[in-house]
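In: turn this into a structure:
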Amino acid sequence: MLNLRDITIEIVKTAQETGAFILKESEKFDLSRTETKGLNDFVSYVDKGAEKMIVERLGHLLPEAGFKTEEGTIEKSGIRYCWVVDPLDGTTNFLHGLHPHAISIALMEYNEAIAGVVYEVGGNEIFTAWKDGGAWLNGKPIHVSKATNLASSLVATGFPYSDFTQLDEYMKLLTHLCKHSQGIRRLGSAAIDLAYVACGRFEVFYEYGLHPWDVAAGILLVREAGGSVSDFSGNEKNVEGEEIVAANSLVFREVLEIVSKFMKN
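Out: You can find the predicted model right below:
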């Protein structure tokens, strides 16, 4: 049986080593070496280099585990365990010299995250969680906020950058939330948005069009910090980012009802 606390400590070490590489490269970053994967979807040599570092270290840590990574630098399946890795969540921020951008690593057992780390490189903030072990920021326990309604909540979201099929509905939802919350923030990193819900900086996060590597670690953080996560229909299992609502448990139902009303399929 895995010792999830020890596993998480090793993930942190991997994230810190990779973060040092990202910080070093940011000082001399060459924008001309950026590639385009799709509409407004970019990848740099820093993303790929960071991912290779992470894959190499995690491969030694748990050799039987497979990998699901954003940049696809490895193809490996695992029957029971799988690493879900985003080496640089917030690449567009990074390309423009903005923060936050983060490393997100989750260990999945079948379809459930059992250990996760989100490392905000620029601010040197390491968010960690493991199943039934609580959520932590730089070694100190964290919890979702105690706000009891949307009116007293700060809301985070992200805007579609390539999938605009639900943009009209999304903007109507945004307008409603602007009028009925304390405000909206758009940081450019879903992993950080979720980590900030976990530590109480945001009460709510919602978005669509994301991927498992964007949200896997963050979902575990929110849940271990006492919050709730589902898709737009309220399903809490197998949430992989195509639709996601995360909030403290006191606000969650109110927000989910609003989001599901506007974002009907």
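
In: quick check: Lys76 touching Pro63?
Out: No: using CB atoms under 8 Å, Lys76 makes no contact with Pro63, being 9.9 Å away. All C-beta atoms are positioned from the backbone trio N, CA, C, and that covers glycine.

In: look at the two and report which has more neighbours.
Out: Neighbour tally, Lys76 and Pro63, criterion other CB atoms under 10 Å: the higher count belongs to Lys76, 14 against 10.

In: for this protein, name the helix or strand with the lowest mean pLDDT.
Out: The least trusted helix or strand in the chain, going by mean pLDDT, DSSP states H and E, turns out to be strand 41-43, with a mean of 47.

In: report the next helix or strand after that one in sequence order.
Out: helix 45-61 (DSSP states H and E).

In: where exactly do the helices run in the protein?
Out: Using DSSP state H, the helices of the chain run over 4-26, 45-61, 91-95, 167-180, 190-198, 212-224, 252-262.

In: could you give me the average pLDDT of the second one?
Out: Okay, so that is helix 45-61. Taken as a whole, helix 45-61 has a mean pLDDT of 92.

In: and it, what does it pack against?
Out: Applying 3 or more CB pairs under 8 Å, 6 or more residues apart in numbering; DSSP states H and E, we find helix 45-61 packed against helix 4-26, strand 66-69, strand 81-89, strand 102-109.

In: and the contacts of the second one?
Out: Contact with strand 66-69 is made by 51, 55, 58-59, 74-79, 81-87, 108, 212-213, as judged by CB atoms under 8 Å, 6 or more residues apart in numbering.

In: out of the residues you listed, which are buried?
Out: 51, 55, 58, 74, 78, 81-87, 108, 212-213 (16 or more other CB atoms under 10 Å).

In: where is pLDDT lowest across those residues?
Out: Ile74 (76).

In: from memory that residue sits against Val55, does it?
Out: Yes: using CB under 8 Å, Ile74 is in contact with Val55, at 5.0 Å.

In: domains in this protein, as residue ranges please.
Out: Residue ranges for the domains of the chain, per automatic domain parsing: 4-142, 150-262.

In: please work out which of those is packed deepest.
Out: Highest mean neighbour count among the domains of the chain (mean count of other CB atoms under 10 Å): domain 150-262, with a mean of 20.

In: and the residue lying closest to Phe159 once chain neighbours are set aside, backbone torsions?
Out: In space, and not counting its chain neighbours, Phe159 is closest to Arg186: 6.4 Å by CB to CB, 6 or more residues apart in numbering. Main-chain torsions, Arg186, degrees, to the nearest 10: phi -130, psi 100.

In: gap between Arg186 and Val222?
Out: Distance, Arg186 to Val222, using CB to CB, to the nearest Å: 18 Å.

In: and Val46, by the same measure?
Out: Distance of Val46 to Val222, given as CB to CB: 27 Å.

In: tell me the centre residue of this protein?
Out: Centroid check for the chain by CA atoms, centre = their mean gives Ala191 as the closest residue, at 2.1 Å.

In: please list all residues in contact with that one.
Out: Asp86, Asp89, Gly90, Ala102, Ser104, Val118, Asp214, Val215, Ala217, Gly218.
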